[in-house]
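Novice: I would like the atomic coordinates for the input below:
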Amino acid sequence: MRFQNTLKKEVFLSGRGLHTGREINMKLSPAPRDTGIVFIRTDKRNMSMKASVTSVAGTTFATTLASEDVKVGTVEHLLAAFAGLNIDNAYVELDGPEVPIIDGSSMPFVSKIIEAGIAKQAKTISCIRILEPVVVIEGACQIAVTPYEGTKITYRLFHTHPAFGEQKLGIDITTMNFINEIAPARTFGFLRDVEMLRSRGLARGGSLENAIVLGDKDVLNGNKLRFKDEFVRHKILDAVGDLSLIGLPIYGHIIANKSGHTLHIKLLRKILLCRNSWDIVSEPAVAPRVSRVTAQV
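Specialist: Below is the predicted model of the structure:
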């Protein structure tokens, strides 16, 4: 059985928020077993909120958590890093309303966490084992989870943009696969949408340094992609982060077609409603130790 994990020591990161454009300081700290991931707004009376589907307050172009009138946005990349590294318990302190975007991927968080070290705690972790399919369909967009021995995500993404087209990837979410194949994938957007987003108070901190930007015909970042299918890999990254909000690892195969933050959260809520479709069992200790993959970061 896998034991719960936390950080060995504090981690500090600073950077601009993707949507607010504000410079934000963030500290990640060890937390006791059974704490979960807890966000704390140090600039708002130390208001705290647990990373939980019940705390989700918005899914427009990012996932936002809230407690009363205090919010923390763009949490998905950091949550993906925690989930990908099997970090179950941590405090996240921020002096602003958004997790720093850094380079638009999960890799900066992954690297800092591995550098700090991961501490095993004296209690095992359970998982949600899917017994029957659960499906959410909204027009041309679908997401489902089916029984599977492990955690796998298969994602299909399609855009008519000439540099994009159809991308599809299925991958088992193990620690090594996450670090090497998913964590480096950056967020992306279309130049034509920037003016609209900024008029709505979004994307004020976006740039070629923290996102892949698509012009009318090509990628404006000098065509320097980290993977030829980096777009769909980033969608899987988002899914890893969002799906962790259910509170326990999911043992099942998540299959998504043109999905996103909103459908991720709707799937979690439907899973919780369909109580006969899953069971809680001890999670097998199948994930490799992070010390074995540190050299690959």
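Novice: Where does the most centrally placed residue in the chain fall, secondary structure wise?
Specialist: With distances taken as CA atoms, centre = their mean, residue 241 lies nearest the centre of the chain, 2.2 Å away. If you go by DSSP states H and E, residue 241 is part of helix 230-243.
Novice: and that helix, what does it pack onto?
Specialist: helix 76-84, strand 151-159, strand 165-172, strand 188-190, strand 250-257, helix 261-273 (3 or more CB pairs under 8 Å, 6 or more residues apart in numbering; DSSP states H and E). Bear in mind the C-beta positions are built from the backbone N, C-alpha and C, glycine included.
Novice: mind checking pLDDT for the residue nearest to the centre of the chain?
Specialist: Among the per-residue scores, residue 241 holds a pLDDT of 98.
Novice: residue boundaries of the strands in the stretch 101-250 of the chain?
Specialist: Remark: strands assigned in the stretch 101-250 of the chain by DSSP state E, counting those that start in this stretch are 118-124, 126-130, 134-138, 141-146, 151-159, 165-172, 188-190, 212-214, 250-257.
Novice: partners of the longest one in the sheet?
Specialist: So the one you mean is strand 151-159. strand 165-172 (antiparallel), strand 250-257 (parallel) (DSSP bridges).
Novice: pLDDT weak spots in the stretch 151-297 of the chain?
Specialist: Applying pLDDT under 70 to the stretch 151-297 of the chain flags the ranges 194-195, 197-199, 201-203, 223, 285-297.
Novice: Kindly recompute the last result at 90.
Specialist: Within the stretch 151-297 of the chain, the segments meeting pLDDT under 90 span 158-166, 188-224, 282-297.
Novice: give me the number of residues near the closest residue to residue 117 other than its chain neighbours?
Specialist: Spatial nearest neighbour of residue 117, excluding adjacent residues (CB to CB, 6 or more residues apart in numbering): residue 8 at 3.4 Å. Neighbourhood size, residue 8 [other CB atoms under 10 Å]: 14.
Novice: domains for the protein, by residue range?
Specialist: Here the domain parsing of the chain from automatic domain parsing is 3-125, 127-292.
Novice: Just name the most buried of the ones you listed.
Specialist: domain 3-125 (a mean of 20; mean count of other CB atoms under 10 Å).
Novice: average pLDDT for it?
Specialist: Mean pLDDT, domain 3-125: 96.
Novice: Run the chain-centre distance for it.
Specialist: Mean-position distance between domain 3-125 and its chain equals 10 Å (CA atoms, centre = their mean, to the nearest Å).
Novice: What's the end-to-end length of it?
Specialist: 6 Å (CA to CA, to the nearest Å).
Novice: residues in contact with the closest residue to residue 76 other than its chain neighbours?
Specialist: Counting by CB to CB, 6+ apart, residue 76 lies nearest to residue 241, which is 3.5 Å off, once chain neighbours are set aside. The contact partners of residue 241, taken as CB atoms under 8 Å, 6 or more residues apart in numbering, are 63, 75-81, 83, 106.
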